[in-house]
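K.L.:
Build me a model:
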Amino acid sequence: MKNNSQQPTILPIKKIVQETPAIKTYTFEHKLGAEPGQFVMLWIPRVDQKPISISRQTDSSFDLSVFKVGKATEALFDMKEGDKVGISGPYGRGFNIEPKKNIVLVGGGCGSAPLRMLGEEAEKAGCKVTFITGAQTSKDVLFKDALSDTCITTDDGSAGFKGFTTQKLAEILTENKDTDKVYTCGPEVMMKGVVDVCAKHKISCEISMERYMKCGFGICGQCAVDPLGICICKAGPVFSGEMAAKITEFGQYHRDKAGVKHEL
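P.N.:
Okay, the predicted model is just below:
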């Protein structure tokens, strides 16, 4: 059952899987009812609350794949199966799946997490899915076996294609003229590159954008972006490539909790 209120649902961690040195997947037995691309607010008692993308979902459970960065996720990584956290949501606007299309998913690092759920749901809708998952090295690759048609890219060439996800995307779009749409999530500079590649090939795309959030449902205003003033948590986190082009800070900078700009 969806919980869109401020009051979190307290859930025990059913299972923990170490995916990479810096990413763990946490499974919860709970019917979330989320759409691919939506997120939850994860509350770690006595520590903090953070937005986390949903990486997988069944009728009775869901997964959160979490990258260890900062105080909250460090505390989460110290938790064990059976420990309890708070979950509220799902929130936000998810990906738009059109049945029976040829699509390409481009994920970088932990950004591959929500694309896994998207890919699984798209395959159920009869889509042909190509999944590009990129990382710095082979040990950092996330979900390399999650979907049937997966292309791995690594910066150092230790696994799959040596180079960037955007280079592999350009290669695929050049070879396959039947691609209908591209979806991407990951480092923002990478996503900006994906948008540019799609524009060159005249293919529509959707991006999942991340910003600092406190509430998750448009009250605090922390995730508002320049110059539109829209909140990522409600208007997004998923946007079309055309909308992303109207957000001048996309691919350029983000703001911290004090509103100070930080170049990407």
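K.L.:
doesn't Lys31 make contact with Thr9?
P.N.:
No - at 10.7 Å, Thr9 does not count as touching Lys31 under the criterion of C-beta atoms under 8 Å. Glycine gets a C-beta too; all of them are placed from N, C-alpha and C.
K.L.:
Extract the C-alpha trace of stretch 213-229 and format it as CSV.
P.N.:
In CSV, the C-alpha atoms belonging to stretch 213-229 read as follows (Å, rounded to 0.1, in the frame of the first residue of the first chain):
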residue,chain,number,x,y,z
MET,A,213,15.9,16.9,-0.8
LYS,A,214,14.5,17.2,2.7
CYS,A,215,10.8,16.3,2.4
GLY,A,216,10.3,14.5,-0.9
PHE,A,217,6.9,16.1,-1.8
GLY,A,218,7.5,19.7,-2.7
ILE,A,219,7.1,21.5,0.7
CYS,A,220,10.7,22.4,1.6
GLY,A,221,11.8,23.7,-1.8
GLN,A,222,15.4,22.4,-1.3
CYS,A,223,15.4,20.6,-4.7
ALA,A,224,14.1,23.6,-6.8
VAL,A,225,16.2,24.2,-9.9
ASP,A,226,17.2,27.2,-12.0
PRO,A,227,15.6,29.0,-13.7
LEU,A,228,12.2,27.3,-13.6
GLY,A,229,11.9,27.0,-9.9
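K.L.:
Now do the same for it: mean pLDDT, whole number.
P.N.:
For stretch 213-229, mean pLDDT is 87.
K.L.:
hmm, back to that, so Thr9 and Lys31 - more neighbours on which side?
P.N.:
Thr9 (18 against 13; other C-beta atoms under 10 Å).
K.L.:
which residues touch the residue nearest to Ser204 when sequence neighbours are not counted?
P.N.:
Distances taken as C-beta to C-beta, 6 or more residues apart in numbering place Lys181 nearest to Ser204, at 5.3 Å, with adjacent residues excluded. Neighbouring residues of Lys181 by C-beta atoms under 8 Å, 6 or more residues apart in numbering: 98, 101, 103-104, 203-206.
K.L.:
one more time with 7 Å
P.N.:
Residues near Lys181 by C-beta atoms under 7 Å, 6 or more residues apart in numbering: 101, 103, 203-205.
K.L.:
Which residues does it form beta bridges with?
P.N.:
Ile103, Ser204 (DSSP bridges).
K.L.:
Against Ala146, how distant is it?
P.N.:
19 Å (C-beta to C-beta, to the nearest Å).
K.L.:
can you list the domains in the protein?
P.N.:
The chain breaks down into these domains under automatic domain parsing: 9-91, 95-208, 211-264.
K.L.:
Between the two ends of the shortest one, what distance do you get?
P.N.:
Yep, that's domain 211-264 we're talking about. Domain 211-264 has an end-to-end distance of 12 Å (C-alpha to C-alpha, to the nearest Å).
K.L.:
what about that domain, distance to the chain center?
P.N.:
Domain 211-264 has its average C-alpha position 15 Å from the chain's average C-alpha position, going by C-alpha atoms, centre = their mean, to the nearest Å.
K.L.:
swap in stretch 51-68?
P.N.:
When distances are taken as C-alpha atoms, centre = their mean, stretch 51-68 is centred 10 Å away from the chain's centroid.
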